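> what would the 3D arrangement of this be:
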Amino acid sequence: MSRIARRYARALYKICDANLETAKKHLESLKTLLVLFDDKDAGKILRSPVMPPDLKKTLLHYGLEKAAAGEDLQHLVDTLVTAGRVALLPELVEVFGDFINEAEGKAFAQVVSAAPLAQDDQNAIASQLGDLLGKKIVLDNKVDATLLGGFVAKVGNYRIDMSLKTKLDGLAQSAVQDTFR
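The predicted structure follows:
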C-alpha cells in the first residue's frame, strides 16, 4: 500500500469522527466508484494522466450521485482529481476498509492447506489466531497440495508456517549442515 493512499484514507476516517456507521456508508459509496475503474472506457479516462480533470470529476461525481454520497466524499474526490491522484482511489478504498476492520477488531487470515479444511478445523485455527492476535479472525481457506500436510496462515504481516513441507525442508537443511561440520 502506498503511503499517500494511506494518508487520504486516514483523513477520511478522521472526518467520520471514528463513527463506524458513517465510515461504512462512505466505504459503500466509494466501492460504487470502483465499478467505474472496472469499466473499460471509464477506467481509461480515470487512469489517464492526459484526460481533463473536469471530465474525471464529472464522471466520479456521477458515480457518487448514484451512490447518494455526501459532501465529504465529493470533496475527497475533488481533492484527488486536483492533485492528479485519481488512480489511487482503488487503493484508498482498500485501506479505508482496513481501517474500518481494525476499528471493529477484525482481521482477515488466508490459510493455505494441503487439503480442504473441515469447518471445525477452520474454526479452531481462527480461534487460535484470534487469541494470539486479540482480534476476530475471518478465514479464507486455499488449497496447495505441495505443502504435503499442515497449513500456512497469513494475517497481515504475520505468517505462521505449520506445513510438513517446511519441516522436511528444515530437516534436510540441518542434515546438510551437519554433514559439512
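> figure out the helix or strand that residue 160 lives in.
Under the criterion of DSSP states H and E, residue 160 resides in strand 158-161.
> what pairs with that strand, and is each one parallel or antiparallel?
Using DSSP bridges, the strands paired with strand 158-161 are strand 151-155 (antiparallel).
> where does pLDDT dip in this structure?
Low-confidence segments of the chain, defined by pLDDT under 70: 1, 178, 181.
> okay, which residue is most central for it?
Central residue of the chain (C-alpha atoms, centre = their mean): residue 94, 4.9 Å from the mean position.
> now for whatever helix or strand that residue lives in, which elements pack on it?
Taking DSSP H and E as the criterion, residue 94 maps to helix 89-103. Contacts defined by 3 or more C-beta pairs under 8 Å, 6 or more residues apart in numbering; DSSP states H and E place helix 89-103 against helix 3-15, helix 20-38, helix 71-82. All C-beta atoms are positioned from the backbone trio N, CA, C, and that covers glycine.
> as TSV, those helices with mean neighbour count would be great.
TSV is the format used below for the helices and strands packed on helix 89-103 (neighbours: other C-beta atoms under 10 Å):
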stretch	mean neighbour count
helix 3-15	17
helix 20-38	17
helix 71-82	17
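> distance to residue 103 added to those helices, as a markdown table?
Shown next, in a markdown table, are these (distance: least, C-beta to C-beta, whole Å):
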| stretch | distance to residue 103 |
| --- | --- |
| helix 3-15 | 8 |
| helix 20-38 | 6 |
| helix 71-82 | 17 |
